[in-house]
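A.B. asks: have a look; sequence and predicted model below, questions after that.
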Amino acid sequence: MDGWQNRMRDEAKATGQQLKRKNRMRARRLVCKAIRQIEWESFEIPEVPAPHEVVVKSACSLISAGTELAMYSGSHIGFSGPDPPQFPIDMGYALAGAVQAVGCKVTEWAEGDRVVVYASHGDWALCDVRTTKMWRLPPDVTLEQGALAVMGGISAVGVRQGRVDLGETVIVLGLGLIGQFAAQLSRLSGARPVIGVDLLPNRVRIAGASGVHALNPEQSDVRQTVDDITGGHMAEVVIEATGNPHVVAQALDLAGDGGRVVLLGSPRGTAEIDLYRAVHHKGVSLIGAHARVSGHPHTTQDPWTRERNLDLVLQLFADGSLQSEGLISHRIQPDDVGETYEMLVERPNSFLGVLIEWTS
């Protein structure tokens, strides 16, 4: 356990005592008031949490370059629908920190527990354990990995929807955080080779370091390379992780007969596809993999719930099977959030993982 984690555990116990002595404490969380308008909203942490509440002191939170930025920029598909999102919108859903205080009916959490929480960006999180998803971090998992694990859990949905099997060729288009984890999880599922494609050299390098056959399409003919590697059979599974609807046609082209093309990157918008040649004639399956498809109760037919997927990602971090080195490109302070969101919209290729650090 690193020094940061030890400090968080000590601070958790100390601040838990402070909460009991003070009447209330002011905290702040990030909200989007309108398109491209974010601000910090003040809220109160109670002296004593309600019976089912847990108070978490934040260590770091991860900015989502997908859904979160789409909400901020107004590009989310919901804005053009009949029931658009209503402002204000809480921003963020991947926060790691330490439990500071627990309500009288909370039995599964204790002061000092290191956790990852589905909570908005903020210096504190007040969580009702009956409705808020929380996971305990294994001892060998860092707080940074805890925040990243939320993205890994989303990637796991794409790998499961694609039914990746031993020895299959898997192509991942787009090597952002979601694509990086999708490629690694495909390898862990037994796919060989796993081919990752991205235009950005740094992302190609990071994927290559984790065992992925990584290609830059400006330097390699991707289709010809896949044809050569597979002896003309092409890929059994292609995972589209860019979120660009125009890439779907390429994904279908790279799939072999009977292949599965997984839309993991939430493509927002339309695309022109020759359905006969790209889908019908080859018998290709086009599969949606929005994270919500794992938001179901445990069943014998599909036991892989959102909770189990994220549990697995944490276990894979703990035993070293899943790599996180290089995935955080920027670490920022809370006061730099506004500028960072704008840069993420204007220059998204300059970033990979962006972490807001709440402790010095």
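C.D. replies: Yep, it's here. Predicted model only: the values in this text are computed from it and were never measured.
A.B. asks: wait, E53 sits on R130?
C.D. replies: No. Contact criterion C-beta atoms under 8 Å: E53 and R130 do not qualify, at 9.4 Å. Just so you know, the C-beta spots here come from the backbone N, C-alpha and C atoms, and that holds for glycine as well.
A.B. asks: neighbour-wise, which of these two wins?
C.D. replies: E53 (21 against 9; other C-beta atoms under 10 Å).
A.B. asks: any idea how far D90 is from I38?
C.D. replies: In this view, D90 and I38 are 11 Å apart by C-beta to C-beta, to the nearest Å.
A.B. asks: what strand or helix carries the closest residue to V293 other than its chain neighbours?
C.D. replies: In space, and not counting its chain neighbours, V293 is closest to V157: 6.2 Å by C-beta to C-beta, 6 or more residues apart in numbering. In this structure, V157 sits in helix 143-161 according to DSSP states H and E.
A.B. asks: got it, and S186?
C.D. replies: helix 177-188.
A.B. asks: residues contacting that helix, please?
C.D. replies: Residues from elsewhere that reach helix 177-188 (C-beta atoms under 8 Å, 6 or more residues apart in numbering): 65-66, 148, 151-152, 154-156, 158-159, 162, 164, 170, 172-173, 175, 194, 196, 198, 203, 206-207, 210-212, 237, 239, 241-242, 264-265, 313, 316, 321-323, 327, 352-353.
A.B. asks: with stretch 298-314 instead?
C.D. replies: Contacts of stretch 298-314 (C-beta under 8 Å, 6+ apart): 116, 133, 135, 137-138, 141, 145-146, 149-150, 152-153, 156-157, 160, 181, 291, 294-297, 322.
A.B. asks: are any of the residues you listed buried, and which?
C.D. replies: 116, 133, 135, 137, 141, 145-146, 149-150, 152-153, 156-157, 160, 181, 291, 294, 322 (16 or more other C-beta atoms under 10 Å).
A.B. asks: got a list of what the residue nearest in space to the middle of the chain touches?
C.D. replies: When C-alpha atoms, centre = their mean is applied to the chain, the residue found nearest the centroid is M151 (1.7 Å). Neighbour list for M151: L62, S64, A94, L177, I178, F181, G353 [criterion: C-beta under 8 Å, 6+ apart].
A.B. asks: quick check: next helix or strand after the helix holding S186?
C.D. replies: Using DSSP H and E, the next helix or strand after helix 177-188 towards the C-terminus is strand 194-197.
A.B. asks: in terms of secondary structure, what does the helix or strand following that following strand contact?
C.D. replies: Where DSSP H and E defines the elements, the next helix or strand beyond strand 194-197 is helix 201-209. For helix 201-209, the elements it packs on are helix 177-188, strand 194-197, strand 213-215, judged by 3 or more C-beta pairs under 8 Å, 6 or more residues apart in numbering; DSSP states H and E.
A.B. asks: got the buried residues for the next helix or strand along the chain from the last one?
C.D. replies: Moving toward the C-terminus from strand 213-215, the first helix or strand encountered (DSSP H and E) is helix 222-230. For helix 222-230, the neighbour count (16+ other C-beta under 10 Å) marks V222, T225, V226, I229, T230 as buried.
A.B. asks: which of these lies closest to V345?
C.D. replies: Nearest to V345 out of these is V222 (C-beta to C-beta; 27.7 Å).
A.B. asks: what about the closest residue to S120 other than its chain neighbours, how many residues nearby?
C.D. replies: Once flanking residues are discounted, S120 sits nearest to D90: 3.9 Å by C-beta to C-beta, 6+ apart. As a burial measure, D90 scores 16 neighbours (other C-beta under 10 Å).
A.B. asks: contacting residues for D90?
C.D. replies: Going by C-beta under 8 Å, 6+ apart, D90 touches R29, L30, V31, C32, S120.
A.B. asks: before we move on, back to that, go ahead and measure how far the helix holding V157 is from the middle of the chain.
C.D. replies: Taking the mean of its C-alpha atoms, helix 143-161 sits 5 Å from the chain's own mean (C-alpha atoms, centre = their mean, to the nearest Å).
A.B. asks: cool, stretch 352-360 as well?
C.D. replies: Put simply, stretch 352-360 sits 14 Å off its chain's centre (C-alpha atoms, centre = their mean).
A.B. asks: ok, and what's touching that stretch?
C.D. replies: 4, 7-8, 11, 57-63, 65, 97, 121, 123, 144, 147-148, 151, 176-177, 202-203, 206, 326-334, 337, 340, 344.
A.B. asks: I'd like to know which of the residues you listed are buried.
C.D. replies: Among the contacts of stretch 352-360, the ones that count as buried by 16+ other C-beta under 10 Å are 8, 11, 57-63, 65, 97, 121, 123, 144, 147-148, 151, 176-177, 203, 206, 326-328, 330, 334, 337, 340, 344.
A.B. asks: okay, now the domains of the protein?
C.D. replies: The chain breaks down by automatic domain parsing into domains covering 3-136+325-357, 153-294.
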